[in-house]
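Enquirer: coordinates for the following, if possible.
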Amino acid sequence: MNSPCGGNGFELRPVKRDRDVRPFIRDHHRHHGIPTGYLWGHGLHDSCGELVGVATVGRPVARMLDDGLTVEVTRCCTDGSPNACSMLYGAARRAAIAKGYRRGLTYILASEDGGSLRASGYELLWTVRGRSWDAKSRRRVDKHPTTDKAAYGWGAWPQLACVMPAALLGVSE
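Expert: Alright, predicted model coming up:
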């Protein structure tokens with residue numbers, strides 16, 4: 001990528017939660033808001049020093065996957081710069097491995113092709129039927145797409161049948 005600053009390429013840099021990550025996700029993410037919390041985030045800057053993407057990594061949202069050895073990329077958000085998502089997903093994976101995590105995952109909409117994830121060493125793990133989180137026992141307003149999702153991940157996964165019930169995997173028993 002040629003930059004108006006005369007350089008090309010990108011550089012990963014640390015980012016500040018409130019100054020960088022939250023405003024970038026608010027302004028650029030197509031279908032999700034800012035994650036409530038996360039363990040760490042990193043940013044991708046162009047050769048002019050402009051922030052072109054961020055990723056946040058946290059504990060898995062699904063409680064059954066939160067074993068202390070698994071992380072989830074809860075947001076990957078870019079301005080559309082070529083290969084930015086692949087670089088952010090790859091950096092999240094490398095950082096997690098360096099911190100001692102054994103596996104990681106992220107969810108994308110089933111309508112997305114997952115090319116950036118595959119380029120970053122992630123593999124398709126399972127699919128999840130879209131659904132609302134609203135229930136009679138606990139009313140909620142859906143702030144996320146309720147369409148089908150695909151889980152991509154890396155690392156050593158235990159037998160999925162032991163970890164995830166069939167209903168969450170989108171298969172019938």
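Enquirer: secondary structure element holding the spatially most central residue of the chain?
Expert: In the chain, the C-alpha nearest the mean C-alpha coordinate belongs to V73, at 3.1 Å (Cα atoms, centre = their mean). Assessed by DSSP states H and E, V73 sits inside strand 70-78.
Enquirer: buried ones in stretch 73-88?
Expert: By 16 or more other Cβ atoms under 10 Å, the buried positions in stretch 73-88 come out as 73-78, 83-88. C-beta here means a position set from N, CA and C on the backbone, and glycine is covered the same way.
Enquirer: ranges for the helices of this structure?
Expert: 22-28, 84-98, 115-119, 160-163, 166-169 (DSSP state H).
Enquirer: and the ones you listed, which is most packed in?
Expert: helix 84-98 (a mean of 20; mean count of other Cβ atoms under 10 Å).
Enquirer: what's the distance between the residue nearest to A151 when sequence neighbours are not counted and Y107?
Expert: Nearest non-adjacent residue to A151, counting by Cβ to Cβ, 6 or more residues apart in numbering: L125, 4.5 Å away. Separation of L125 from Y107 (Cβ to Cβ, to the nearest Å) stands at 10 Å.
Enquirer: measure W126 to R26 for me?
Expert: Applying Cβ to Cβ, the value for W126 to R26 is 30 Å.
Enquirer: oh, I was asking about T146
Expert: 21 Å.
Enquirer: quick one: low-confidence residue ranges for this protein.
Expert: Applying pLDDT under 70 to the chain picks out residues 1-4, 6-8, 29-35, 142-144, 159-173.
Enquirer: would you map the strands across it?
Expert: Using DSSP state E, the strands found in the chain span residues 10-14, 40-46, 51-58, 70-78, 103-109, 123-128, 149-155.
Enquirer: those: which one's closest to S137?
Expert: Relative to S137, the nearest member of the strands of the chain by Cβ to Cβ is strand 123-128, separated by 21.1 Å.
Enquirer: how about the closest one: buried residues?
Expert: 125-126, 128.
Enquirer: can you redo these as a markdown table with distance to Y152?
Expert: Output for the buried residues of strand 123-128, formatted as a markdown table (distance: Cβ to Cβ, whole Å):
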| residue | distance to Y152 |
| --- | --- |
| L125 | 6 |
| W126 | 9 |
| V128 | 12 |
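Enquirer: what is the most widely separated pair among the buried residues of stretch 73-88?
Expert: Once Cβ to Cβ is applied, the buried residues of stretch 73-88 give T74 and N83 as the farthest pair, at 20.9 Å.
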